[in-house]
Each structure stands twice: as C-alpha cells, then as structure tokens.
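In: just a sequence and a predicted model for now, questions to come.
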Amino acid sequence: MSNDTRNAFSLRNKTVLVTGASSGLGRQIAISCSQRGAQVIITGRDKSRLQETFKQLKGEGHLQILAEQTCAEERAALAQATPALHGVVHCAGKQMLSPIRLLSEALMTQMYAVNFLAPVMLTQQLFQNRKIAPGASIIFMLSTSAHIGTPAVGPYSAMKSALLGIIRCLAMEQGKHRIRVNGISPSAIPTPMWGEDQQSASLQAQRARHPLGLGTPEDVANAAIYLLSDASRWVTGTSLVMDGGAVL
Amino acid sequence: MNDIDPFSLLDKRLLITGASSGIGRQAAISCAAMGAQLVITGRNFERLQETANNLEGEGHVLITADLTQEKEISSLAEQAGQINGILHAAGISKLAPVRMIRKSHLEEMLSHNTCAPILLTKELLAKRKIAKNGSIVFISAIASHVGPLASSAYSASKAALLGATRSLALEVAKQGIRVNCLSPGYVRTPMLDGLVQDGLGTDGNYKLGPLGIGEPEDIAYAAIFFLSDASRWITRNYFIMDGGLTVPMDIYA
C-alpha cells in the first residue's frame, strides 16, 4: 500500500546525521531511521561501539564518522565530511549531578561543553558548510529537565533549557528555507546514561512516578521519525515532551 | 524488530468527530489511508457521505449526531462500538468582542468546543467503549495561549481542553489509555474561510509564522502519530503545531 499519507511518514531519500550514535537513544534513533529508509550518517567518539551501531543499520550506503564533538577541529571535520542532510538529530549528551552549593566550575564547564556548545557549534558548522538542505528537520535531544526543576540536576537542566533558546531562534532564522527546528524532551528512559542496573533505586523511583511506566529508546526513536519526516513539515520551534504522563 | 510499522493504524478502529469538513474530514481520509477502520460523525449526512466516498478500505461507519445534544452523544457512544481511539475534530469559531457578547455566544462556543468532546469521552468511558491502550486526542487551538482579538469565548473554550486533557489522562492511565491535545495555529479550512469573511485579518493578512498557513494534512499527520502506537509513551501532551507562529511570542507570560 503506497499512498501520500504513508509516504509522509517515510524517510526514504533522506540523509540523516545522528550524533551520540554509539549508545542509548542515539543508537536506537540511527537504527530506526535506517529501518524507515533513511541514509544514516552516525557519529560518536567510541570506535568499537559506533561500529556496533553501524552493523545494526538496515540497508546500504550509511556512513560512520568518528568525532569528539567537544573538539572544534573534529566538529569542523565532521561537518565537512558529511553529505548534504535532510535531518540532524543531536543525541550526544552527558548527565552529571551536582547541587549548586557544591558545584565546581570544572563540572559546569563540562556540562556546557558537552550538552550545549557541541550541538550548537556543530549546527553552525553544518550551516556554514551548506550541509543543511532546504526543508530539513533539526532535532535537539532535550530532557524533561529542560522544563522542570529537580534537585541536583541544575547544570544539566540549564544546558537543556539553553537549547530551547537556540531552537526558537534558529527556527525563526531558517523558516524561510522551510528548515524546521524542534526538541524532544523525554523523561527517564533506561539507557546506559542511567547506569547498567535496571533495578537501581533511582530508576525504581522514576518508575513509580510514571503512570504509563518508563519509556523505551524505540518510543523516542518514533518521535524522532515523526519530527524528521515530512509528516511534521509545519511543526517548528517546539519541543515534544514525552514522559508517560509523569507527575511529581 | 519493526516488522510492524508503529505508525500504522491497521487493526485500529477510530472515532472521528467533525468528519464532514476541514481537519476532521482530512484526518478521516488520512487515517483510513494508514489502515484504520473508522466511525465518522458529523451533523450533515450528505457531507459525511462525501467524506466516506474518499476513504480507503472497507467497513467504515457513518453516524450523524449533533454533539450539543446529550441524547445524541449518548446514542453515538452506544452505536460507535468498541474503539481504539478517538479524534475530537468537531469545533466551531465565531468572532465577537467581549463588549458585544451575550451569554448565548459563550454557551455556544463552550457547548461545541468544550462540553461536547468531554461529554462524548465520558459516555465512551462509561460505556467501556475505549479499548485498553487506546488514544484520545482533543483538538484545541493556539488561540488558547495567543488570545487573538475578538476571540475571548473561542479562546476560553479551547484553553479549557488543556486542563481537561491533563486531568483525564491521569484518570485513564491505569487502562493504558492516553490523552493528548493538538494545538494548531491557522489551518486552511472552511472554518478559517468563514472567519476571514467575518473580518479576521481585514487589516491585511492575519499573522502567520515563518512556515505560513497549515494544511489540514499537517494536523491529520499529527493525529496519526498521536493515535498510533508510535506515541504509546506520550500522554498529557499539549502539542503546539503552528508553523512557528508562537515562536516569537511569549505565550507563557
């Protein structure tokens, strides 16, 4: 069955760059995009884990580019090496906890470098190298912490909130090229970022406050597919909160 | 993995209100194209039949109903049968500055846009017509947060759906039922044409975002996402889709 509606949700003939693709959400998003017909360019900094993701991609013509995204030279090289893109999903990120009273400048600087500076300046490089095609969709992986306050999550939360500002302004700048810029804000998804122990106290506490239970990387990947596909061509400047109805 | 397309609506039976025109009509056509079996409802049988003529697939059901009448809501819920999801696309809009409005204007807006979808949902839940893991989708409007001129009653009637969505979602979460609300900006529909004739944007174009006016397909596609299993972890969401209209506005101020 081929029709306009089905085509709107397809990623065929689209090239999508996924950062942080060596694990967690980035890996699943890369895999799901390939299953939906996209050519996927994956990047990450761990060679063997990136290769592991690469092996799981469906179809042909995908590329893997090793890069340390916090390094300006490597971002520039990545932006040059990538082909023209119809989609970008910024998944690389790192969570570190610290109450503000105990916050060190080193930790805050690291949160800034990984979660904010890297995706923003990579986006800048991609535009500068004319790698973002008209009508493209750019997605920043946020977190519900971009919208809510949680003790000790300040440094991470602030950087995710900061990306909301970039999303809105970039959406206004690039609307004339029909380029769309959105965020996805998931709450707790058991991924390596949450530690290996699926039954840890922190994950159990998260389960308890989610009426629909915890989400899966596939859930987030499906949201990414909607926001990357032409089905969402009129959606820009927003962030899609996905949290199983979580209440505090 | 992914043998089953998470965006497919095969094996889903969906109720769509307001299916005789605009967003509801397009949502019906698009959902059927994704494989859904539909129960479509509207006030006018001929126009509903016209929508039905455009639906892919077999076994769709047409039920005429005036959703401002409790009896008709109840009988619709009774006739609808078991459903996996509902899209509340029926709605109306009329412009009136507050100094000119009467109670009847307020009641008309609230009755069509707020009470009808909530009461229909209530009837479906009370009659256990919504299957486990079902999806309920309301259609609000970004007027809820923008408050355009001469739209107090309309904006209020749409804003009310936000609170209803969030509260209802908590009530039905144990059955795995999800409740979300789409909040579109200006979409090319007969309703918008009517508003333009009544003076909307007479001083030039009504304000549009960087991506311009939306098409009914855009809302239909979002509805497919929210009705399908692809969004199975999303509930209590107020999804703004407006081509960027509100991006430069401080709508939460």
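Out: Yep, it's here.

In: low-confidence stretches in chain B?
Out: Across chain B, the ranges flagged by pLDDT under 70 are B:1-3, B:202-205.

In: all helices of it, in order?
Out: B:22-33, B:45-53, B:70-80, B:103-110, B:116-126, B:143-146, B:152-172, B:190-197, B:216-227 (DSSP state H).

In: now chain A against chain B: closest residue?
Out: Chain A approaches chain B most closely through A:Gly175 (2.3 Å), counting by CB to the nearest CB. Using the backbone N, CA and C atoms, a C-beta is placed for each residue, glycine as well.

In: report how many residues lie close to that residue.
Out: If you count neighbours by other CB atoms under 10 Å in any protein chain shown, A:Gly175 ends up with 20.

In: so it, which state does it fall into?
Out: Here A:Gly175 is helix, with the state taken from DSSP: H, G, I helix; E, B strand; the rest coil.

In: if we can go back for a sec, between the helices of chain B, which one is nearest to A:Thr216?
Out: Proximity of the helices of chain B to A:Thr216 was assessed by CB to CB; the nearest stretch is helix B:216-227, lying at 16.6 Å.

In: what's the burial count for the residue of chain B found nearest chain A?
Out: Closest to chain A within chain B is B:Pro210: 2.3 Å, counting by CB to the nearest CB. By other CB under 10 Å, 21 other residues sit near B:Pro210.

In: likewise for A:Arg49?
Out: Applying other CB under 10 Å, we find 15 residues neighbouring A:Arg49.

In: what's near enough to touch it?
Out: A:22-23 (CB atoms under 8 Å, 6 or more residues apart in numbering or on different chains).

In: sec struct for it, please.
Out: A:Arg49 ends up helix, using three-state DSSP.

In: longest strand of chain A?
Out: The residue-count maximum for a strand in chain A (DSSP state E) belongs to strand A:132-141.

In: quick one, what contacts A:Gly20?
Out: By CB under 8 Å, 6+ apart, the neighbours of A:Gly20 are A:26, A:43-44, A:90-93, A:141.

In: that one belongs to a strand?
Out: No - counting by three-state DSSP, A:Gly20 is located in no strand; its state is coil.

In: and the gap between it and A:Gln28?
Out: As judged by CB to CB, to the nearest Å, A:Gly20 and A:Gln28 stand 11 Å apart.

In: again with B:His88
Out: In terms of CB to CB, B:His88 sits 32 Å off from A:Gln28.

In: just checking, B:Leu55 touches B:Ala28?
Out: Yes - counting by CB atoms under 8 Å, B:Leu55 touches B:Ala28, with 6.3 Å between them.

In: the two: which has the busier surroundings?
Out: Legend: neighbour count by other CB under 10 Å for B:Leu55 and B:Ala28, higher for B:Ala28 (32 against 21).

In: the residue lying closest to B:Ala33 once chain neighbours are set aside sits in which helix or strand?
Out: In space, not counting the residues next to it along the chain, B:Ala33 is nearest to A:Thr5; the distance is 3.9 Å by CB to CB, 6 or more residues apart in numbering or on different chains. Taking DSSP states H and E as the criterion, A:Thr5 maps to helix A:4-8.

In: contacts for the lengthiest strand in chain B?
Out: Longest strand in chain B, counting residues (DSSP E): strand B:130-139. With contact meaning CB under 8 Å, 6+ apart, strand B:130-139 is reached by B:23, B:82-89, B:91, B:117, B:121, B:124, B:161, B:164-165, B:168, B:172, B:175-184, B:219, B:223, B:226-229, B:231-232.

In: quick one: residues contacting B:Ala52.
Out: By CB under 8 Å, 6+ apart, the neighbours of B:Ala52 are B:40, B:60, B:62.

In: of the helices of chain B, which is nearest A:Leu66?
Out: Using CB to CB, the nearest of the helices of chain B to A:Leu66 is helix B:216-227, at 33.5 Å.

In: may I have the helix or strand of chain A with the lowest mean pLDDT as CSV, with CA atoms only?
Out: Using mean pLDDT, DSSP states H and E, the weakest-scoring helix or strand in chain A turns out to be helix A:201-208, at a mean of 86. Provided in CSV are the C-alpha atoms of helix A:201-208 (Å, rounded to 0.1, in the frame of the first residue of the first chain):
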residue,chain,number,x,y,z
ALA,A,201,16.9,2.8,43.3
SER,A,202,16.9,5.9,41.0
LEU,A,203,15.2,4.0,38.2
GLN,A,204,12.7,2.4,40.5
ALA,A,205,11.8,5.9,41.9
GLN,A,206,11.3,7.0,38.3
ARG,A,207,9.0,4.1,37.5
ALA,A,208,6.8,5.0,40.5
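
In: and that helix, what does it pack against?
Out: Other helices and strands packing on helix A:201-208, by 3 or more CB pairs under 8 Å, 6 or more residues apart in numbering or on different chains; DSSP states H and E, are absent; none qualifies.

In: list the buried residues for it?
Out: By neighbour count on 16 or more other CB atoms under 10 Å in any protein chain shown, the buried set for helix A:201-208 is A:203, A:206.
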